[in-house]
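Participant: I need the structure of the sequence given here:
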Amino acid sequence: MFRVFKHYRPGQVARFVKSYYRGRLFIMGVGAYEFDRGRLLPPKSQDLNALAVLSEVNREIQLLEADVV
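Facilitator: Have a look, this model is predicted:
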């Protein structure tokens, strides 16, 4: 599954990643990411902004999982 997000909203990205489990996404102004097993994987470029987005979205996914249990 591939999705393009025009705006960066961590909660929306987290719901997408959690629901599709494996695929790719692109966030305008941030970059491209792959996800597997319901988690964003580190991008090929080690840009600090991209890594901050990665950790923020993965944190949102953990919060979604905590709400379910």
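
Participant: ok, now which ones touch residue 20?
Facilitator: Shown in contact with residue 20 (CB atoms under 8 Å, 6 or more residues apart in numbering): 1, 35. No exception for glycine: its C-beta is placed from N, CA and C like everyone else's.

Participant: Tell me the spacing between it and residue 27.
Facilitator: For residue 20, the distance to residue 27 (CB to CB, to the nearest Å) stands at 15 Å.

Participant: likewise residue 45?
Facilitator: Distance from residue 45 to residue 27, by CB to CB: 13 Å.

Participant: Between the two, point out the one with more neighbours.
Facilitator: Regarding residue 45 and residue 27, a neighbour count based on other CB atoms under 10 Å identifies residue 27 as having more, with 20 against 10.

Participant: now this protein, which segments are flagged as low pLDDT?
Facilitator: 68-69 (pLDDT under 70).
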